[in-house]
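Novice: let me see the structure of the following:
(one chain, ligands or ions: 1)
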Amino acid sequence: MKRLLLFVLVLSIALLLLFINTVRQPSFQPTPEKITQVVINIEEAAQRLSSLLQFPSISTQMDDAAFSAQTQHMQQHWPTVYDTVSLQTFNQHSQLLTWTGTDASLEPLLLLAHLDVVPAKQQSWQQPPFSGNIVDGEIWGRGALDDKGSATAILEAIAALIEKGFRPRRTVMVAFGHDEEVGGTKGAVAISQYLKAQMTSPWMTLDEGGFVLSNGPLPVSAPVALVGIAEKGYLSVRITATAESGHASMPPRETAVFHLANALNAIEASPFKASLDGPANQLFDWLTAETPWPEKLLFANRWLFSPLIIATLEKSPGGNAMLRTTQAPTLLNAGIKDNVLPETASAVINLRLHPRDSGQQALGHLRKVIDNEAVTVEPLEAFDNSSTVISPTDHPAFKILAQSIRNSFPDALVAPYLMVATSDSRHYTSLANRVYRFLPFRLDNDELKRLHGRDERISLRMYQEAIQFYANLIILSSDTQEY
Ligand SMILES: [Zn+2]
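Specialist: As a prediction, the model looks like this:
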């Protein structure tokens with residue numbers, strides 16, 4: 001009886017502690033403040049974006065004339081901006097705009113966007129992809145979301161602020177790359193090298209990335225403004241099994257294909273380690289106070305419940321990618337004839353590296369798991385593109401970014417996260433570690449598919465919010481006394 005009483009007592013205390021820990025979770029969300037509204041004629045702004053969407057600036061095809069015409073068009077359509085800022089071009093089509101602030105001691109705010117797009121199959125779209133048609137309050141075209149809509153929203157915000165008589169204290173730089181979709185070597189790399197030579201260390205760098213996502217997989221009902229604080233690394237490895245070739249009529253026990261199959265099975269059976277450290281932990285820090293019960297109890301007590309949270313998250317591809325280095329088999333190769341045993345059989349696995357795993361560590365893990373001398377594991381290309389550094393969320397720059405988001409999207413919650421895709425911003429991480437990835441567009445899970453997909457478009461309302469967001473960010477970054 002005494003033992004039972006003791007057990008009940010201990011259990012009650014434990015539950016009470018969990019409960020207290022849950023209700024005492026502090027909110028990380030800044031309180032939305034009243035904002036300086038910039039005056040925008042959204043109909044005219046929509047026309048300007050529409051006109052830019054008509055240039056087929058497809059970087060896989062690199063039509064120089066289209067890119068040159070586009071640059072010229074931008075200067076003609078945003079004269080307020082181009083008359084005020086200084087413009088430098090890089091490799092002909094990338095632009096660096098500098099709007100000099102009044103206080104030279106402040107490090108600049110650097111806004112990134114790219115002017116190139118991926119191809120689009122004309123027939124499958126409801127409106128032609130390079131029409132820029134405005135239908136029922138939506139601007140249609142390849143690049144509306146990724147990423148011309150962001151580039152022009154930045155220009156609109158700057159133009160509106162100039163017309164208001166605003167002059168930033170902190171210098172604002174805008175870098176428009178023209179080859180992001182093919183790696184950014186001519187644009188982002190060239191601009192970041194130039195900035196490095198100038199010893200420019202941005203106070204904050206902001207590029208495309210997360211969105212204001214509604215109906216997402218997160219446990220909160222409010223939309224979530226996801227801010228990428230790191231990008232996963234990218235590494236493809238070739239796994240090659242070797243055995244004696246010969247006639248298929250008398251096969252030996254060991255064949256290259258069976259070796260390879262065993263190796264692939266071993267890889268599947270031993271996925272990379274998953275845990276809630278790094279960006280995933282920060283995501284839950286920022287959302288837990290706003291998470292409804294009973295999930296709130298779990299997230300507030302991750303020290304106890306992380307195995308349960310991980311087990312739930314890893315069931316979905318998106319959740320799984322957030323927690324660990326993923327391994328996707330993409331290419332298979334063996335054999336030349338149906339009755340000949342191949343000497344080699346190979347597979348390519350595309351890895352997306354979590355910040356906790358370097359490329360070398362990932363190769364080591366695969367070799368250990370396969371553990372077969374007949375099988376080699378080598379990087380497909382000579383480079384190891386490990387993940388980026390994790391940008392801080394306790395720096396004033398992140399606070400200003402979070403505040404600007406909350407001011408522009410008061411119903412949304414800000415959350416840092418790990419980006420699975422790559423962007424131009426990785427080329428800027430050597431300048432300073434405050435690199436964030438956020439596109440100020442409201443999207444749901446279905447609308448996300450329009451990026452690089454069919455029927456890409458942006459509503460005038462979304463566009464207006466985006467312009468207002470960039471204006472807020474410029475004003476708040478300029479006002480801050482810190483740094
Ligand atoms: Zn993009």
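Novice: looking at this protein, which helix or strand is least sure?
Specialist: Scoring the helices and strands of the chain by mean pLDDT, DSSP states H and E places strand 246-247 at the bottom, with a mean of 81.
Novice: who in this protein is up against the ion?
Specialist: 146-147, 208 (Cβ under 5 Å from the ion). Placement of C-beta: from N, CA and C, glycine included.
Novice: scan those residues and report the most crowded one.
Specialist: Glu208 (27 neighbours; other Cβ atoms under 10 Å).
Novice: now the closest residue to the ion within the stretch 301-450 of the chain. Nearest residue, chain neighbours left out?
Specialist: Here the stretch 301-450 of the chain gets closest to the ion at one residue, Ser423, 6.3 Å apart by Cβ to the ion. Nearest residue to Ser423 in three dimensions, chain neighbours excluded: Asp207, at 5.1 Å (Cβ to Cβ, 6 or more residues apart in numbering).
Novice: same check on Gln61?
Specialist: Nearest to Gln61 is Pro119, by Cβ to Cβ, 6+ apart, at 7.2 Å.
Novice: residue contacts, the one you found?
Specialist: The neighbourhood of Pro119, defined by Cβ atoms under 8 Å, 6 or more residues apart in numbering, consists of 58, 60-61, 142.
Novice: where along the stretch 51-200 of the chain do the strands fall?
Specialist: Under the criterion DSSP state E, counting those that start in this stretch, strands of the stretch 51-200 of the chain are mapped to 86-90, 94-99, 109-114, 134-135, 138-140, 172-177.
Novice: sheet partners, orientation included, of the shortest one?
Specialist: Same thing as strand 134-135. strand 138-140 (antiparallel) (DSSP bridges).
Novice: now the strand it pairs with: average pLDDT?
Specialist: Across strand 138-140, the average pLDDT comes to 95.
Novice: cool, stretch 342-349 as well?
Specialist: Stretch 342-349 comes out at a mean pLDDT of 95.
Novice: what sits against the residue of the stretch 301-450 of the chain closest to the ion?
Specialist: Per Cβ under 8 Å, 6+ apart, neighbours of Ser423: 112, 180, 207-209, 228, 231, 437.
Novice: quick one: it from Phe469, how far?
Specialist: Here Ser423 is placed at a distance of 18 Å from Phe469 (Cβ to Cβ, to the nearest Å).
Novice: tell me which residue in the stretch 201-350 of the chain sits closest to the ion.
Specialist: Across the stretch 201-350 of the chain, the shortest distance to the ion (Cβ to the ion) belongs to Glu208, at 4.9 Å.
Novice: closest to the centroid, which residue in the protein?
Specialist: Centroid-nearest residue in the chain, with Cα atoms, centre = their mean: Gly209, separated by 3.4 Å.
Novice: quick one: the helices in the stretch 201-350 of the chain?
Specialist: With DSSP state H, counting those that start in this stretch as the criterion, the stretch 201-350 of the chain has helices at 256-269, 279-287, 295-300, 302-313, 317-323.
Novice: can you lay out those helices as a markdown table showing distance to Gln29?
Specialist: Below are these laid out as a markdown table (distance: least, Cβ to Cβ, whole Å):
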| stretch | distance to Gln29 |
| --- | --- |
| helix 256-269 | 40 |
| helix 279-287 | 7 |
| helix 295-300 | 14 |
| helix 302-313 | 19 |
| helix 317-323 | 20 |
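Novice: dump the ones you listed into a markdown table; add mean neighbour count, mean pLDDT and distance to Pro26 as well.
Specialist: Below are the helices of the stretch 201-350 of the chain laid out as a markdown table (neighbours: other Cβ atoms under 10 Å; pLDDT from 0 to 100; distance: least, Cβ to Cβ, whole Å):
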| stretch | mean neighbour count | mean pLDDT | distance to Pro26 |
| --- | --- | --- | --- |
| helix 256-269 | 18 | 96 | 41 |
| helix 279-287 | 21 | 93 | 9 |
| helix 295-300 | 20 | 89 | 10 |
| helix 302-313 | 15 | 91 | 15 |
| helix 317-323 | 17 | 90 | 23 |
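Novice: just the buried ones among the contacts of Pro119, please.
Specialist: 58, 142 (16 or more other Cβ atoms under 10 Å).
Novice: wait, which of the contacts of Pro119 is closest to the ion?
Specialist: Arg142 (11.2 Å).
Novice: quick one on the thing from earlier: can I get the residues of the chain next to the ion in TSV including pLDDT?
Specialist: Shown next, in TSV, are those (pLDDT from 0 to 100):
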residue	pLDDT
Asp146	93
Asp147	94
Glu208	95
